[in-house]
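1. Sequence and predicted model, in that order:
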Amino acid sequence: MENHPRIEIMDTTLRDGEQTSGVSFVPHEKLMIARLLLEDLKVDRIEVASARVSEGEFGAVKMICDWAARRNMLPRVEVLGFVDGKVSVDWIHDAGCRVINLLTKGSEKHCKYQLQKTLDEHIEDIRSVVAYAHERDMDVNVYLEDWSNGIKDSPDYVFGLVDGLRDTGIKRFMLPDTLGILNPLQVIEFMRKMKKRYPDLHFDFHAHNDYDLAVSNVLAAVLSGVKGLHTTINGLGERAGNAPLASVQAILKDHFHAITNIDESRLNDVSRVVESYSGVTIPANKPIVGESVFTQVAGVHADGDNKNNLYCNDLLPERFGRVREYALGKTSGKANIRKNLESLGLELDEDSMRKVTERIIELGDRKELVTQEDLPYIISDVLKHDGAQNKVKLLSYFVTLAQGLKPMATLSIEINGKVYQESSSGDGQYDAFVRALRKIYKGTLNRKFPMLTNYAVTIPPGGRTDAFVQTVITWNYDNREFRTRGLDADQTEAAIKATIKMLNIIEE
Ligand SMILES: CC(=O)SCCNC(=O)CCNC(=O)[C@H](O)C(C)(C)COP(=O)(O)OP(=O)(O)OC[C@H]1O[C@@H](n2cnc3c(N)ncnc32)[C@H](O)[C@@H]1OP(=O)(O)O
C-alpha cells in the first residue's frame, strides 16, 4: 500500500441509506442532506436515488441537481440506474443528473436467475445502455451487483463481464459485497485478484454490515489498493447497513494516514441531522457520534486525564466538534466530580467533596441518572442547605385534566424575590404549565425562555416498587444545550421539577 493513499469517498446515504427499513426522506430533507454532504463534509461524490422509483424521488433528484449545477457540483451527484434500454438513462438525464451508476449483475446466478440472460446477452445490453448514456453526455460507473458471491463462486463470469466492458469508457467499476458475506481476509484475496488482472481500472468497494465487518472490510479493501469507498451517515443502509462514514474517516486517517477530503469537524452535526430526518436513533456507544463515546465513567480515568491526559487516545472529541464529558454515578470518584464542578465554575473543600461523592455513589447504586446540572442541587441538599439560595421557587401550582376540556395550569412562582402568578391552557398538563411560565418570562418580564429540544420519560430501572418516573428534558438557551432531570411518582410533577431546576440554572 502507498504511504499516504488518496481515497475517494462516495456517500450513498440518500440511496442505499434510504433502503433502511422504515426510512424515507422527503425531497427537502434529501436536498438538505445532499448540501451537508457536499458542502460541509466535502465528500467527493454522492448517490442520491435509484432511477424510476417514484415522482417524489424524481422531484428530489431534480432539486438536488438544480442546486448542485448552480455551484458547479453536478459531476459529484450520481443516481443508480438499471440495464433497461433507454428508460433509466432518460429518467436520470431528465432529472438533471449527469452520472449514472449502472446496476449490472456481478454474479452468474443473478444474471442467470434474475435477468434470465446469458453473460454475452447481458454484456450486449449493458454496452448499449453505456453507449446511449455517453450519447446523452453522461458519465457511467457500473455496480457489479453481488460481486462478492460472483468472485467466490463464478470468477470466470466476473472476469468475462469486466473484459466485455472495459473498453467502453466506464469510469469506475464498483464492487459491492451486496449481501455482506465477506471477511477482511477474503476482501484482500479477491480485491488483489481484481487489481492484478486490471491494474489500470478504478475500483470502488461497497460494504454491507451483516456480520458487523463493514468497516473492517472497507479497510481491507484500502490495503488491497482500492481507491474509492462507499459509506453512509450513521451506517444506514439495506438490512444491517453500510460502512459508517465517521468510523471510516477516523480509521483511514489514524491507522492508514490516508488522505480524504472529509471535514471531520462536521461529522457529528451531520450525523445528528440524519438521525433526526431518518428517525433511526444513533446508539449511545456508536464510535465518534454516539452520545456517550467521549464520556469517561471510571474515576481512575478522570484522575489520569488530570495527570497528563493518560486516558486519551487519538480520537479527541474536539476533532469532531464534541467535548469530553465525565459521568456521574457509582463509579465516579472525586476526579470525575471535580471535572464536572470545574465546568460549572464551582469548587468544594475536601470534606464537602467527600459528602457529595458519597451521595452521588448512593444515587448511582439506585441506578439513578445523575447529570452535571444535578450537581448544584446535590451539593445544596448534601450540605444541608434548604434551597433558600435558589433564585426561582415554585410556591404553588394547580393543573387540571378533564374529559372534553383543554388542560389548564395556574401557578405562583417567586423569581429573584418577587412573586408572579399566571394561568394558561395547553395541549397537556405540562404544556399548560410551561405556557403559563412563558407568559411570565416573555410577557411580564420580557425575557427569553429556553427552547425545549427533547423530553424523555423513563422508569428508572432497578426493581423499585414505588413506580417513580424520571423525566430528562433537554433545553437550548443562548446556543447552549443542557439537560435537567426530575424524579417523581407523577410524570407531570417530574417534568415540573426538571423545569424549575432549569430556571435556576439560567438565573446563575
Ligand atoms: C444493490 C442494490 O441495493 S440495488 C437497489 C436498486 N434500487 C431499487 O431497487 C430501488 C427501489 N426499486 C423500485 O422502486 C422498483 O423495484 C423499480 C421501480 C426499480 C422496478 O419496479 P418493478 O418494475 O415493479 O419491478 P420489481 O420491483 O419487481 O423488480 C424486479 C424486476 O427488475 C429486474 N431487474 C433486476 N435487476 C435489474 C437490473 N440490474 N437491471 C434491469 N432490470 C433488473 C428483474 O429482472 C425484474 O424484472 P421482471 O419483472 O421483468 O422479471
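-> That came through fine. Numbers count the residues shown, from 1 in each chain.

2. Contacts only, for the residue in the stretch 201-350 of the chain that the ligand sits nearest to.
-> Among the residues of the stretch 201-350 of the chain, E238 lies closest to the ligand, at 5.6 Å counting by Cβ to the nearest ligand atom. The C-beta positions use only the backbone N, C-alpha and C, and glycine is treated the same way. The contact partners of E238, by Cβ atoms under 8 Å, 6 or more residues apart in numbering, come to 16, 19-20, 208.

3. and what of N217?
-> 177, 182-184, 187, 205, 207, 243.

4. which SSE is it in?
-> helix 214-223 (DSSP states H and E).

5. and that helix, how far out from the chain's middle?
-> 21 Å (Cα atoms, centre = their mean, to the nearest Å).

6. Could I get the full set of strands for the stretch 251-400 of the chain?
-> Assigned by DSSP state E, counting those that start in this stretch, the strands in the stretch 251-400 of the chain fall at 295-296, 325-326, 392-402.

7. and the residue lying closest to D269 once chain neighbours are set aside, backbone torsions?
-> Nearest non-adjacent residue to D269, counting by Cβ to Cβ, 6 or more residues apart in numbering: G321, 6.2 Å away. Dihedral angles phi and psi of G321 (degrees, to the nearest 10) take the values phi 70, psi 30.

8. repeat for the one 10 residues further on
-> In terms of degrees, to the nearest 10, the main-chain angles of T331 are phi -100, psi 10.

9. Which pLDDT value goes with it?
-> At T331, the pLDDT value in this model is 79.

10. wait, what's in contact with it?
-> T331 makes contact with 297-299, 364, according to Cβ under 8 Å, 6+ apart.

11. let's see it at 10 Å
-> 296-301, 361, 364 (Cβ atoms under 10 Å, 6 or more residues apart in numbering).

12. With Y277 instead?
-> Contacts of Y277 (Cβ under 10 Å, 6+ apart): 13, 23-26, 28-30, 32-33, 233.

13. Of the residues you listed - the most surrounded one?
-> When neighbours are counted by other Cβ atoms under 10 Å, T13 leads those with 33 neighbours.

14. And that one, how far from the ligand?
-> Separation of T13 from the ligand (Cβ to the nearest ligand atom, to the nearest Å): 13 Å.

15. Also V370?
-> Using Cβ to the nearest ligand atom, V370 is found at 45 Å from the ligand.

16. bridging residues for that residue?
-> L328 (DSSP bridges).

17. Now the residue most central in space within the chain. Nearest residue, chain neighbours left out?
-> In the chain, the centroid-proximal residue (Cα atoms, centre = their mean) is S271; its distance is 3.0 Å. Of all residues not flanking S271 in the chain, V289 sits nearest, at 4.2 Å (Cβ to Cβ, 6+ apart).

18. Let me see the contact set for the one you found.
-> Contacts for V289 (Cβ under 10 Å, 6+ apart) come out as 233-235, 244-247, 267-272, 274-275, 282-283, 320, 322.

19. ditto for V300
-> Contacts of V300 (Cβ under 10 Å, 6+ apart): 310-311, 331, 333, 335-336.

20. Same list, those residues, but only the ones touching the ligand.
-> Residues shared between the contacts of V300 and the neighbourhood of the ligand: none [Cβ under 6 Å from any ligand atom].

21. Can you flag the buried ones in the residues you listed?
-> When those are checked for burial by 16 or more other Cβ atoms under 10 Å, the buried set is 311, 333, 335-336.

22. rewinding a little: which of the contacts of V289 come close to the ligand?
-> Of those, not one also sits near the ligand (Cβ under 6 Å from any ligand atom).

23. Correct me if wrong: S412 contacts K418.
-> No: S412 lies out of contact with K418 (Cβ atoms under 10 Å); the separation is 11.4 Å.

24. between the two, which one's more packed in?
-> Neighbour count, other Cβ under 10 Å: between S412 and K418, S412 has more, with 14 against 9.

25. Which strand or helix spans that one?
-> S412 belongs to strand 405-415, assigned by DSSP H and E.

26. Dump the C-alpha coordinates for the next helix-or-strand element following that strand into PDB.
-> Using DSSP H and E, the helix or strand that follows strand 405-415 in sequence is strand 418-425. C-alpha atoms of strand 418-425 as PDB (Å, rounded to 0.1, in the frame of the first residue of the first chain):
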ATOM      1  CA  LYS A 418     -40.700  38.800  43.500                       C
ATOM      2  CA  VAL A 419     -43.900  36.700  43.200                       C
ATOM      3  CA  TYR A 420     -45.700  36.200  39.900                       C
ATOM      4  CA  GLN A 421     -48.900  34.400  39.100                       C
ATOM      5  CA  GLU A 422     -50.200  33.200  35.700                       C
ATOM      6  CA  SER A 423     -52.600  30.700  34.100                       C
ATOM      7  CA  SER A 424     -52.800  29.100  30.700                       C
ATOM      8  CA  SER A 425     -54.400  26.200  28.800                       C
END
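
27. Parallel or antiparallel, which strands does strand 418-425 pair with?
-> Short version: by DSSP bridges, strand 418-425 pairs with strand 405-415 (antiparallel).

28. Quick check: phi and psi at the closest residue to G237 other than its chain neighbours.
-> Leaving aside its sequence neighbours, G237 sits nearest to D16 (Cβ to Cβ, 6+ apart; 4.5 Å). The phi and psi values for D16, taken as degrees, to the nearest 10, are phi -70, psi -40.

29. Name only those of the contacts of T331 that count as buried.
-> Counted by 16+ other Cβ under 10 Å, those give 296-299, 301, 361, 364 as buried.

30. Of all those residues, the one with the weakest confidence?
-> At the low end of pLDDT for those is G299, which has 71.

31. Give me the nearest residue to it, chain neighbours excluded.
-> G333 (2.5 Å).

32. Quick check, the one you found in contact with A327.
-> No: applying Cβ under 10 Å, one finds G333 not in contact with A327, separated by 11.4 Å.

33. Common neighbours of these two, please.
-> Common contact partners of G333 and A327 (Cβ under 10 Å, 6+ apart): 298-299, 301-302.

34. buried residues in the helix or strand that the helix holding N217 is followed by?
-> Following helix 214-223 in sequence order, the next helix or strand is strand 228-231 (DSSP H and E). Using 16+ other Cβ under 10 Å as the test for burial, strand 228-231 gives 228-231.

35. next one: stretch 473-485
-> Neighbour-count burial for stretch 473-485 flags 473-475, 482-485 (criterion: 16+ other Cβ under 10 Å).

36. now stretch 81-95
-> Buried residues in stretch 81-95, counted by 16+ other Cβ under 10 Å: 81-84, 88-93, 95.

37. what about that stretch, near the ligand?
-> Yes: using Cβ under 6 Å from any ligand atom, we find that stretch 81-95 touches the ligand at 82-84.

38. The ligand contacts on the stretch 101-250 of the chain?
-> 103, 114-115, 145, 178, 238.

39. Please identify which of these is nearest to A221.
-> For these, the closest approach to A221 (Cβ to Cβ) belongs to T178, at 14.5 Å.
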